[in-house]
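S.K.: build me a model:
(one chain, ligands or ions: 1)
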Amino acid sequence: MKDNRDSKLIGKVRTRVAPSPTGDPHVGTAFQALLDFVFAHRYEGTFILRIEDTDRKRFVDESEDVIFEALEWLNLNPDESPKVGGEYGPYRQSERLNTYKKYAKQLVAEGKAYYCFCSSERLEKMRQDQQAQKKPPMYDRNCRNLTQEEVDRRLASGEKAVIRMKIPDNKEIIVHDLLRGEVKFDSNIVDDQVILKSDGYPTYHLAVVVDDHLMEITHMKRGEEWLSSAPKHVLLYEYFGWQMPLMIHTPTLRNPDRSKLSKRKGNTSLWYYREQGYIKEALLNFLALLVWKHPITNNEIFTKEEMMESFEWEQMNITGPIFDIVKLQWLNGMWIRKKSLEDLLIDIKDWATWVSVVGKEKQEEAKKVLSWIEKDPDFFQKALALTHERLKIISEIPELLSFYYVDKLTYDREDLLQKHEAQDIARILGEVKNRLEKLESWTQETWEATIRKCADDFSFKHKDLFMCMRSAITARKATPPLFEVMNVLGKEESFKRVDDAINFLNN
Ligand code: GLU
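M.R.: Down below sits the predicted model:
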């Protein structure tokens, strides 16, 4: 294929995903990471994972490990990260506090930022007053013009202070977004943002600018919710005299009712989807499809490698992508069908192994599947083969295959009877079994012909007899083709089940 990449970018691109470790890995993080990964790899560049753990109130222990694990599971491994290291580290913001402090103080020294000593009580009261007056909540710049002497004195006395950036009055701030073009902001409605907190931690605004600059990020992509903060970042780049990376704001993911995808409204944990048995190829494909269609083939089904051959930011669709589970299920089924039975079996084992240990609701089912595989992998694979075509998510397997594994089926009388008398059904089942047992050539044709002939001899509708047989052997209304099911179970087990059904009817 013709290389249609921008030759200036080859080998130069540096992208980063910058999640905050606040709990389960978010599908939004996977979405962001995928796009950054694909773009960086398309240009033989570098994909970086930075952990933004400066919000100590939202910090959740261990969730950093879970972010590594999630990217690993999806094969979106970063080239630089807190785990693999790199030349631009540390990649964990809590380990870069001195750097942020240095830059915050530099801005103060240059008159572009200032110490603020306002207490939280004062700020709270200010906020309430503004709310009562229906004014937008903004810092009233009470500390912006303190004398140097006063600032020095209060700092020396150990008074708590934050550092705020100075926002100029009456200035048009232009944010260049690769997808949205120029977005203009009036500086008069931009707050004098805290950039360094009194605990010495930076806020997102300072940290993201300092880190993206020092890590030489070329394409800074993040969620749309940050667009309104972008003027602050534009100003910070200007204050430091640094060149801005190209900015891209991805659209907010939405539920089918168009509300924002959030923990409260739906499932945002990647682990939820993993536990349900969505496979990674389908998940990645689904996340990509939220904003991108293959520009050449127009196909909906593609791998991330295929995406890497064509993906450009500008092709992204930014109108409200819908996180539609029905579509995800459909895609998952498509991907499952594309897999060989052997590959699907590997996915099922991975699923069962993982869920049996960390699953939240399907642990027992996963253990059951593991025990089935361990007991007789061949048998499991044969049973699976018959269900491969209709499987949508892996967690359906325990239910779909359980009838192969029960010693004694629980019969539904109505299904067995098919509106006939119990004694008639018992008799015809016995007869079918006799004739099938005597068959010399056991094929689909001879098997079917035998059952049809038997139905004729007993003046039964063929359909009724097949249903009744299905019910006797599986205790289900719907199963894969019965002849094939019997072959998986084996004749002995199948005929034993017919006897069980007869006994059930006779008692
Ligand atoms: N830590 C930010 C978040 O989790 C990242 C935003 C960004 O990519 O700059 O939303």
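S.K.: and the residue of the stretch 251-400 of the chain found nearest the ligand, what's its pLDDT?
M.R.: Among residues of the stretch 251-400 of the chain, the one nearest the ligand by CB to the nearest ligand atom turns out to be Thr252. It sits 11.7 Å away. Backbone N, C-alpha and C define where each C-beta goes, glycine included. The score at Thr252 is 94. That number is its pLDDT.
S.K.: ok, Met1 next?
M.R.: If you check Met1, the pLDDT there is 61.
S.K.: ok, the one 10 residues further on next?
M.R.: Gly11 carries a pLDDT score of 95 in this model.
S.K.: OK, contacts around it?
M.R.: Contacts for Gly11 (CB atoms under 8 Å, 6 or more residues apart in numbering) come out as 43-45.
S.K.: so which of the residues you listed comes closest to the ligand?
M.R.: Among these, Gly45 lies closest to the ligand (CB to the nearest ligand atom), at 16.9 Å.
S.K.: spit out the contact partners of the closest one.
M.R.: Going by CB under 8 Å, 6+ apart, Gly45 touches 9, 11-15, 39, 218.
S.K.: now do the residue of the stretch 201-350 of the chain found nearest the ligand against Thr443, distance only.
M.R.: Nearest residue of the stretch 201-350 of the chain to the ligand: Arg222, at 3.3 Å (CB to the nearest ligand atom). Arg222 is 62 Å from Thr443, where distance means CB to CB, to the nearest Å.
S.K.: low pLDDT regions in this protein?
M.R.: Low-confidence segments of the chain (pLDDT under 70): 1.
S.K.: got phi/psi on Tyr114?
M.R.: In terms of degrees, to the nearest 10, the main-chain angles of Tyr114 are phi -150, psi 160.
S.K.: show me which residues of the protein sit near the ligand.
M.R.: 18-20, 52, 208, 222, 226 (CB under 6 Å from any ligand atom).
S.K.: may I see the residues you listed organised as TSV, with distance to Asp350 added?
M.R.: Below are the residues of the chain next to the ligand laid out as TSV (distance: CB to CB, whole Å):
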residue	distance to Asp350
Ala18	28
Pro19	23
Ser20	28
Glu52	30
Val208	35
Arg222	31
Trp226	35
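S.K.: counting neighbours, what do you get for the residue nearest to Leu270 when sequence neighbours are not counted?
M.R.: The shortest distance from Leu270 to any non-neighbouring residue, by CB to CB, 6 or more residues apart in numbering, is to Pro25 (4.4 Å). Look at Pro25: counted by other CB atoms under 10 Å, it has 25 neighbours.
S.K.: OK, contacts around Pro25?
M.R.: Pro25 is in contact with 19, 63, 66-67, 69-70, 269-271, counting by CB under 8 Å, 6+ apart.
S.K.: so where do the strands sit in the stretch 201-350 of the chain?
M.R.: Listed in chain order, the strands of the stretch 201-350 of the chain (DSSP state E, counting those that start in this stretch) span 219-223, 246-250.
S.K.: among those strands, which comes closest to Thr203?
M.R.: Smallest distance to Thr203 across the strands of the stretch 201-350 of the chain (CB to CB): 15.1 Å, for strand 219-223.
S.K.: run the angle between that closest one and strand 246-250 for me.
M.R.: With axes from the mean of the first three to the mean of the last three CA atoms, to 10 degrees applied, the angle from strand 219-223 to strand 246-250 works out at 20 degrees.
S.K.: what packs against strand 219-223?
M.R.: When contacts are defined as 3 or more CB pairs under 8 Å, 6 or more residues apart in numbering; DSSP states H and E, strand 219-223 packs onto strand 14-17, helix 27-42, strand 246-250.
S.K.: give the other helices and strands that the shortest one contacts.
M.R.: Counting contacts by 3+ CB pairs under 8 Å, 6+ apart, strand 14-17 is packed against helix 27-42, strand 46-49, strand 219-223.
S.K.: how about the ones you listed in JSON lines, adding mean neighbour count?
M.R.: Shown next, in JSON lines, are these (neighbours: other CB atoms under 10 Å):
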{"stretch": "helix 27-42", "mean neighbour count": "23"}
{"stretch": "strand 46-49", "mean neighbour count": "25"}
{"stretch": "strand 219-223", "mean neighbour count": "21"}
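S.K.: make a markdown table out of these and add distance to Leu489.
M.R.: Output for the helices and strands packed on strand 14-17, formatted as a markdown table (distance: least, CB to CB, whole Å):
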| stretch | distance to Leu489 |
| --- | --- |
| helix 27-42 | 40 |
| strand 46-49 | 49 |
| strand 219-223 | 52 |
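S.K.: distance of the residue of the stretch 401-507 of the chain found nearest the ligand from Val498?
M.R.: The ligand sits closest to Leu401 of the stretch 401-507 of the chain, with a gap of 40.1 Å, by CB to the nearest ligand atom. Counting by CB to CB, the gap from Leu401 to Val498 is 20 Å.
S.K.: same question, Leu370
M.R.: Remark: distance between Leu370 and Val498 (CB to CB) = 30 Å.
S.K.: and the two? Which one has more around it.
M.R.: A count of neighbours by other CB under 10 Å puts Val498 above the other of Leu370 and Val498, at 21 against 17.
S.K.: residues contacting the more buried one?
M.R.: By CB under 8 Å, 6+ apart, the contact list for Val498 reads 429-430, 432-433, 469, 472-473.
S.K.: any of those residues buried? List them.
M.R.: Buried members of the contacts of Val498, scored by 16 or more other CB atoms under 10 Å, are 429, 432-433, 469, 472-473.
S.K.: pick out the residue of the stretch 51-200 of the chain closest to the ligand.
M.R.: The ligand sits closest to Glu52 of the stretch 51-200 of the chain, with a gap of 3.6 Å, by CB to the nearest ligand atom.
S.K.: wait, that residue touches Ala18, no?
M.R.: Yes - the criterion here is CB atoms under 8 Å, and Glu52 meets it with Ala18 at 4.9 Å.
S.K.: between those two, which contacts overlap?
M.R.: Contact criterion CB under 8 Å, 6+ apart; residues shared by Glu52 and Ala18: Val208.
S.K.: have a look at those two and say which one is more surrounded.
M.R.: Ala18 (25 against 19).
S.K.: distance of the closest residue to Phe39 other than its chain neighbours from the ligand?
M.R.: Leaving aside its chain neighbours, Phe39 sits nearest to Thr15 (5.7 Å; criterion: CB to CB, 6+ apart). Distance, Thr15 to the ligand, using CB to the nearest ligand atom, to the nearest Å: 10 Å.
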